[in-house]
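> Mind folding the following:
(one chain, ligands or ions: 2)
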Amino acid sequence: MTFQHFQFKPKLSFAIKRAGFQVPSPIQAKAIPPILEGRNVVGQAHTGTGKTAAFALPLLEKMSGDKAVETLVIVPTRELATQVSDEFYKFGRHLGIRSATIYGGVSYRSQIERTKSAQVIVATPGRLLDLLTGEKIHIQPRFVVLDEADEMLSMGFIEDIRNIFRFLEKREQTLMFSATIPEVVRELAHTLMEDPLYIRTERESLTTKQVKQFYYLVEEHERDRALIRLLETSSSGKSIVFCRTKKETERVADVLSGQGFSVVALHGDMDQYERTQIMKHFRRGGARILVATDVAARGIDVRGVERVINYHIPFDPESYVHRIGRTGRAQNKGVAMTLVTPHEFVELQRIQELTGSQLRFERIPRRRISGKEKVHQLREVLNTEKPTRETRHFLDTFLSKHPRFTREELLLRLLEKTLRSFEEEGAIGKTFEEMKKLSQSYEEEGSSAQARPQRGRRGRHHDSIPKPKLTKIGSSRIVPRKIFRK
Ligand code: ADP
Ligand code: MG
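Ligands and ions are numbered 1, 2, ... in the order given. You can find the predicted model right below:
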């Protein structure tokens, strides 16, 4: 199937072609026809599967292009507002359709001005509700979209959304898009939408399958060194490093720039202008590494992000999915690396359970040490070590007992071992054997921990952390029963 199938207006088809879209993604193929027909649609598809175009394209097709605001899209964050608005601009500009954004943290006046010449408004809930209740804007959109609904609700916007909808009585069509459809989202859909059509797509998507996921076991104090080592080895493309807090973000960015990396930081406390500038810089390749918090990173869409590194494991599993969705975008491949301390083992397991992801253990790569450096270190050893009489005696006895070793052969082997130990000295993190041991002890002791739903699988060996039973829903995504009811 191609986009021609939908028989969009020539100007819209042209814009789609220019954007380089050839084949509709699964959610687009399923959602576009009923939206064109006027149905209220709830669409679920994973992050990075093209949900924006799934509603933007049919709405642009249907919009008359008249002066007033015809489409309102509500999104959870400022970044997403900009991104969705850009998408409307990309596809709508030849149709003469303009879009404007509304979000907090900037002055009211220019925002209000810009909505006056727009037909599409993309807004975050808080500021939008402010403007509506303060009667600062008067809009009566025909089409209303709630984008990333699960995220919006988990950010606590449910009341705002209910209140916003009081101002939207005249709407003709309501759409909702979300990476997951938990019960709260379903309930909201039922209160806001008449006879909604649910559309779901298979797990196979543009994202997770393309992202190789690894975890590394380190001690708390090794985190910085581990991160630096990961950034030093392999890949020279763009990387995003995720931290938990604004403070941590700033500190990690400082540490990295101190090591000579080109790095920028992004967090929720920055004003919009600053954030836009930073993203531009990163997008253009001015900085190779972006250090960010979850909130700031929501909706970041940058091509060519080769890997995502979780400096800290995220608080909640959905964030994990969103984070790794920043790499492996469109048709590219990506790598996701997560630093985990023995204490965080439980959290790692929860993430695997809830997202159905498989993270493979990998050891932090060793520092490559040059031949010259080895010679230098060996010389140090030779200068400082004075053989004792005992050692000489040991050598003689050993050689006479093991006639297959010549003196030279023995020397070579010991030398080999010494040189390798130089490499080991800079080692960071746990080895595969240590991980296995930890995994086993976790299996035994951990069975009493509350986060552990299954008992009594003692002494088994696992490459990755053992996973408890999951409920498989259709052939789609794997989620445990408690967060997803049919
Ligand atoms: P989601 O909202 O599902 O997380 P987005 O709408 O942000 O995903 O889309 C992810 C990326 O995929 C964007 O860069 C978008 O331009 C691109 N994309 C979307 N649909 C297609 C398509 N049919 N062909 C190629 N790229 C696409
Ligand atoms: Mg989206």
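> So the one residue sitting closest to the centre of the chain: helix, strand or coil?
Centroid check for the chain by CA atoms, centre = their mean gives Arg323 as the closest residue, at 1.3 Å. For Arg323, the assignment made with DSSP: H, G, I helix; E, B strand; the rest coil gives helix.
> just Val264 next, same as before
Under three-state DSSP, Val264 comes out as strand.
> Likewise for Ile121?
Applying three-state DSSP: Ile121 is strand.
> Just to check, the residue nearest to the centre of the chain is in contact with Thr338?
No. Taking contacts as CB atoms under 8 Å, Arg323 lies outside contact range of Thr338: 9.1 Å. Any C-beta I mention is one placed from the backbone N, CA and C, and that applies to glycine too.
> Contact residues of the protein facing ligand 1?
21, 23-25, 28, 45, 47-53, 301, 329-330 (CB under 6 Å from any ligand atom).
> Ligand 1 versus the residue of the chain most remote from its centre, what's the distance?
Computed with CA atoms, centre = their mean, the residue of the chain farthest from its C-alpha average is Ser400, at 62.1 Å. To ligand 1, Ser400 is 72 Å away according to CB to the nearest ligand atom, to the nearest Å.
> burial of Glu380, as a residue count?
When counting by other CB atoms under 10 Å, one arrives at 11 neighbours for Glu380.
> Which strand or helix spans it?
Using DSSP states H and E, Glu380 sits within helix 371-384.
> avg pLDDT for the helix or strand just after that helix?
Sequence order places helix 389-401 as the next helix or strand after helix 371-384, per DSSP H and E. Averaged over helix 389-401, pLDDT sits at 92.
> all helices of the stretch 201-350 of the chain, in order?
223-232, 246-258, 272-283, 294-297, 317-324, 345-355 (DSSP state H, counting those that start in this stretch).
> possible to save the ones you listed as JSON lines with distance to Ile74 and mean pLDDT?
Putting the helices of the stretch 201-350 of the chain into JSON lines (distance: least, CB to CB, whole Å; pLDDT from 0 to 100) gives the following:
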{"stretch": "helix 223-232", "distance to Ile74": "36", "mean pLDDT": "94"}
{"stretch": "helix 246-258", "distance to Ile74": "25", "mean pLDDT": "95"}
{"stretch": "helix 272-283", "distance to Ile74": "18", "mean pLDDT": "87"}
{"stretch": "helix 294-297", "distance to Ile74": "17", "mean pLDDT": "72"}
{"stretch": "helix 317-324", "distance to Ile74": "18", "mean pLDDT": "79"}
{"stretch": "helix 345-355", "distance to Ile74": "25", "mean pLDDT": "80"}
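> residue contacts, Val211?
Taking CB atoms under 8 Å, 6 or more residues apart in numbering, we find Val211 in contact with Val308, Ile324, Thr327, Gly328, Lys333, Gly334, Val335, Ala336.
> What's the separation between it and ligand 1?
13 Å.
> Give me the neighbour count for the spatially closest residue to that residue that is not a sequence neighbour.
Distances taken as CB to CB, 6 or more residues apart in numbering place Gly328 nearest to Val211, at 4.0 Å, with adjacent residues excluded. Look at Gly328: counted by other CB under 10 Å, it has 25 neighbours.
> where does the stretch 101-250 of the chain dip in pLDDT?
202-209, 234-235 (pLDDT under 70).
> domain parsing for this protein?
Here the domain parsing of the chain from automatic domain parsing is 3-201, 211-361, 371-424, 432-480.
> List just the nearest of the contacts of Val211 to ligand 1.
Nearest to ligand 1 among the contacts of Val211, counting by CB to the nearest ligand atom, is Gly328 at 10.4 Å.
> Looks like that closest one contacts Glu306 (just checking).
No. Using CB under 8 Å as the test, Gly328 is too far from Glu306 to be in contact (9.3 Å).
> For those two, list the residues in contact with both.
Common contacts of Gly328 and Glu306, defined by CB under 8 Å, 6+ apart, comprise Gly334.
> What subset of the contacts of Val211 is buried?
Among the contacts of Val211, those buried by neighbour count (16 or more other CB atoms under 10 Å) are Val308, Ile324, Thr327, Gly328, Gly334, Val335, Ala336.
> Just name the lowest-scoring one in the residues you listed, pLDDT-wise.
Gly328 (72).
> I'd like the distance between Leu382 and ligand 1.
Counting by CB to the nearest ligand atom - Leu382 and ligand 1 are separated by 58 Å.
> so where's the longest helix in the protein?
helix 407-425 (DSSP state H).
> quick one, the helix or strand that that helix is followed by and helix 345-355 angle?
Proceeding N to C from helix 407-425, the next assigned helix or strand is helix 432-445, under DSSP H and E. In terms of direction (axes from the mean of the first three to the mean of the last three CA atoms, to 10 degrees), helix 432-445 departs from helix 345-355 by 80 degrees.
> helix or strand right after the strand or helix carrying Ala56?
Secondary structure assigned from DSSP H and E places Ala56 in helix 51-62. Sequence order places strand 71-74 as the next helix or strand after helix 51-62, per DSSP H and E.
> just checking, what packs against that next one?
Contacts defined by 3 or more CB pairs under 8 Å, 6 or more residues apart in numbering; DSSP states H and E place strand 71-74 against helix 78-92, strand 120-123, strand 143-146.
> Direction included, what does that strand pair up with?
If you go by DSSP bridges, strand 71-74 pairs up with strand 120-123 (parallel), strand 143-146 (parallel).
> Pick out the residue in this structure sitting closest to ligand 1.
Per CB to the nearest ligand atom, Gly50 is where the chain lies closest to ligand 1, at 2.8 Å.
> Tell me how far that residue lies from Gly426.
The spacing between Gly50 and Gly426, counted by CB to CB, to the nearest Å, is 44 Å.
> Those two - which one has more neighbours?
Neighbours were counted for Gly50 and for Gly426 using other CB under 10 Å; Gly50 has more, 21 against 12.
> What about Ser319, how many residues nearby?
With other CB under 10 Å as criterion, Ser319 counts 23.
> Apart from its neighbours in sequence, what residue is nearest it?
Asp294 (4.9 Å).
> Run through the residues that contact the one you found.
Shown in contact with Asp294 (CB under 8 Å, 6+ apart): Phe242, Arg244, Pro314, Phe315, Ser319, His322, Arg323.
> and what of Val42?
Counting by CB under 8 Å, 6+ apart, Val42 has contacts 175-178, 181, 185-186, 189, 193, 196-199.
> On the three-state scheme, it is what?
Once three-state DSSP is applied, Val42 turns out strand.
> Just the pLDDT for it.
97.
> before we move on, the earlier item: run the chain-centre distance for the helix holding Ala56.
When C-alpha coordinates are averaged (CA atoms, centre = their mean, to the nearest Å), helix 51-62 and its chain have centres 24 Å apart.
> Remind me what it packs against, helices and strands.
When contacts are defined as 3+ CB pairs under 8 Å, 6+ apart, helix 51-62 sits against helix 10-18, helix 26-37, strand 41-44, helix 78-92, strand 143-146, strand 173-178.
> I am finished for the moment; much appreciated.
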